[in-house]
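Asks: this one's sequence-less:
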């Protein structure tokens, strides 16, 4: 926690019914313009002031400082208004060193600027806008009069630095001093509310904006949309958006980003198209959000359109925007396009490299992932935690213990094993390489275990059918203050089913619901598969029906497991019902489902129907052939089985 000038314990903003009746008493030093009616003010000084002011606004701070030096050479006394303009010019260019030199000159003048409110405020604003937290806070604390401008600067600084609670405490103290938020303070306060998900405070700020008339400000409106979006209140965000008289690109982007953050990707895409239809020029933020939504929906054409818009608009593929395009192509499975996007990114940073490596790993291209790692090292780039997590995932997916150990050693040499993500990846790697003791050893060495780490070890024991160990870990995590989530419960249930302990599995299934943990699709599928594999086909079918009644939509795996429960003539009726279901939902031609249907009909003695399903599948894979051949063989149709086997050999 940073050392701050705010002292209130908890933010409790109390917004007034109207604006404060107290007006700020402005001396001449509050003004950014020189009083040209002053007859004693030299014309030359006025000329210098206007020249310096213009140069600062044009972001030519060095030339402005040169004029200051020239004024010194002409023995002109430099007033606070010129220093104020120079400090503002340093803010425009983030020229911290130059601003510090100007501050030193001000201090050198001593008594002339002692306790000058205008200069003191300008210094606070300069250091705050340049993100120099300690100095800004120290100068702010010393201000005799804290006006809305100094409060806005320091509250904004705290928001940018992630000190959102301190920003809200500042809001409270500001009001207690009789200074009320303006339309520069309000957006920062709303940003803090969104970051902390304080919807109550956010709504109070919204009410304040309506009372004082800030709702017409496009930046306040955009901040309200962003706040409601971060708090998950999309209806409120949309209401603000629809009520805005003027919408700039920031408002449109806020609405699109809010939808993407909350998983409403179709709505995000719709707003993006509305934005373009109204002639609003899209920005990098618009396109990055659009690409993210397209990737999540596997919307290939939409994403390609976004890429085309970027090319036509001449947007350079820097590391941030280029990574968004790379990520889109990776998620929709177009690895070659992802590689092309990577190759034309101007400056590749660690994030860009990691995206390509993780893309290769996700699609099983381990050799390419490792080659990219070698290329990355040849560019003198060091692996970070994300890189190592990808390498360890590649080792886990391929059960490559040698690669996994190399990754582990690299982590130790470079002090990366303390990172919880890396440590969890090491545990997962050893578990999937069937080195459960090594996995447990690494697990025990982790100081701050999160829910993901516990679940990885739970899943490892469950996969090996070590139900007793899984249950022990399940209770241990609770004793250490980590509440199990649905993934944890799923692992314990799987462990019991793998060990043939059906009653214990069903008991855990009931317990999780009684404790308020709702089974998800994986939970139901695990139970259906376990019952079917342990010879309880009828019960598996009943569980499938209960899953539908609970509102969970069956996936391909759960349907396949349920069909596999129909293994004899007595269950043929249920098998036909499942066939009807998948046909109505256009799922019957999916290879795993078609294979399970062929297998079911074969085991139930209806090889004719099995052959009909087999023939309907255009792209036949080996498991489908095996199911059909097994069906023929099971019922003594050796000729048909042999003929199909010979056909398979020709196809291969």
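Replies: Structure's in. What do you need? In this text, all values refer to a predicted model and were calculated from it rather than measured experimentally. Residues are numbered from 1 along each chain as shown.
Asks: ok, the spatially most central residue of the chain - contacts?
Replies: In the chain, the residue lying closest to the centroid (C-alpha atoms, centre = their mean) is residue 261, at 7.3 Å. Neighbour list for residue 261: 229-230 [criterion: C-beta atoms under 8 Å, 6 or more residues apart in numbering]. To be clear about C-beta, it is placed using only N, CA and C from the backbone, and glycine gets the same treatment.
Asks: can you list the weak-confidence ranges in the protein?
Replies: Scanning the chain with the threshold set as pLDDT under 70 gives 1-42, 110-115, 652.
Asks: ok, 50 please
Replies: The model of the chain has pLDDT under 50 over residues 1-12, 16-36, 38-40.
Asks: Identify each buried residue in stretch 148-160, please.
Replies: Neighbour-count burial for stretch 148-160 flags 148-159 (criterion: 16 or more other C-beta atoms under 10 Å).
Asks: Confirm for me that residue 368 is in contact with residue 360.
Replies: Yes. The criterion here is C-beta atoms under 8 Å, and residue 368 meets it with residue 360 at 4.5 Å.
Asks: And these two? Which one has more around it.
Replies: Using other C-beta atoms under 10 Å, the more surrounded residue of residue 368 and residue 360 is residue 360, with 24 against 18.
Asks: Regarding the more buried one, what is its secondary structure?
Replies: Residue 360 falls in the helix class when you classify it by DSSP: H, G, I helix; E, B strand; the rest coil.
Asks: residue contacts, it?
Replies: 335, 366, 368-369, 372, 394.
Asks: Over to residue 648?
Replies: Taking C-beta under 8 Å, 6+ apart, we find residue 648 in contact with 622, 625, 629.
Asks: in what helix or strand does it lie?
Replies: Applying DSSP states H and E as the criterion places residue 648 in helix 638-651.
Asks: Just name the closest of the buried residues of stretch 148-160 to residue 46, please.
Replies: Within the buried residues of stretch 148-160, the smallest distance to residue 46 is 24.4 Å, found for residue 149 (C-beta to C-beta).
Asks: Please look at that closest one and residue 126 and confirm they touch.
Replies: No. Counting by C-beta under 8 Å, residue 149 stays clear of residue 126, with 11.6 Å between them.
Asks: For the stretch 101-250 of the chain, just list every one of the helices.
Replies: Assigned by DSSP state H, counting those that start in this stretch, the helices in the stretch 101-250 of the chain fall at 117-129, 133-142, 148-160, 164-176, 185-196, 199-212, 218-230, 234-243, 249-261.
Asks: Can you mark which positions in stretch 180-199 are buried?
Replies: Of the residues in stretch 180-199, 180-196, 198-199 count as buried by neighbour count, 16+ other C-beta under 10 Å.
Asks: First-to-last residue distance for it?
Replies: With C-alpha to C-alpha, to the nearest Å applied, stretch 180-199 spans 21 Å between its terminal residues.
Asks: Just the ones of the contacts of residue 360 in helices?
Replies: Among those, the members falling in helices (DSSP state H) are 335, 366, 368-369, 372, 394.
Asks: Going through the residues you listed, which ones are buried?
Replies: The buried subset of the ones in helices among the contacts of residue 360 - by 16+ other C-beta under 10 Å - is 335, 366, 368-369, 372, 394.
Asks: Just name the closest of those to residue 296, please.
Replies: Proximity of those to residue 296 (C-beta to C-beta) peaks at residue 335, which lies at 18.1 Å.
Asks: Could you double-check that the closest one lies in contact with residue 356?
Replies: No. Here residue 335 lies out of contact with residue 356, judged by C-beta under 8 Å, at a distance of 9.3 Å.
Asks: Look at residue 412 and tell me its secondary structure.
Replies: helix.
Asks: how close does it get to residue 553?
Replies: Distance, residue 412 to residue 553, by C-beta to C-beta, to the nearest Å: 45 Å.
Asks: ok so, going back, buried stuff in the helix holding residue 648?
Replies: The neighbour-count check on helix 638-651 (16+ other C-beta under 10 Å) flags 640-641, 644, 648 as buried.
Asks: okay, those residues in JSON lines with distance to residue 520 next?
Replies: Compiled in JSON lines, these are given as follows (distance: C-beta to C-beta, whole Å):
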{"residue": "640", "distance to residue 520": "42"}
{"residue": "641", "distance to residue 520": "40"}
{"residue": "644", "distance to residue 520": "39"}
{"residue": "648", "distance to residue 520": "38"}
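Asks: Report how many residues lie close to residue 377.
Replies: Residue 377 has 12 neighbouring residues, counting by other C-beta under 10 Å.
Asks: For it, which residues are in contact?
Replies: By C-beta under 8 Å, 6+ apart, the contact set of residue 377 is residue 383.
Asks: Please tell me how far it sits from residue 546.
Replies: Distance, residue 377 to residue 546, using C-beta to C-beta: 53 Å.
Asks: Residue 329 now?
Replies: 40 Å.
Asks: quick one, which of these two is more surrounded?
Replies: Neighbours were counted for residue 329 and for residue 546 using other C-beta under 10 Å; residue 329 has more, 24 against 14.
Asks: so the more buried one is in which element?
Replies: With DSSP H and E as criterion, residue 329 is part of helix 319-331.
Asks: Can you name every helix or strand that that helix contacts?
Replies: Applying 3 or more C-beta pairs under 8 Å, 6 or more residues apart in numbering; DSSP states H and E, we find helix 319-331 packed against helix 284-296, helix 300-312, helix 335-344, helix 350-362.
Asks: quick one, that helix and helix 284-296 angle?
Replies: 10 degrees (axes from the mean of the first three to the mean of the last three C-alpha atoms, to 10 degrees).
Asks: can you pull the buried residues of helix 319-331?
Replies: 319, 321-331.
Asks: circling back: of all the helices of the stretch 101-250 of the chain, which lies closest to residue 588?
Replies: Counting by C-beta to C-beta, and looking across all of the helices of the stretch 101-250 of the chain, nearest comes helix 249-261 at 34.0 Å.
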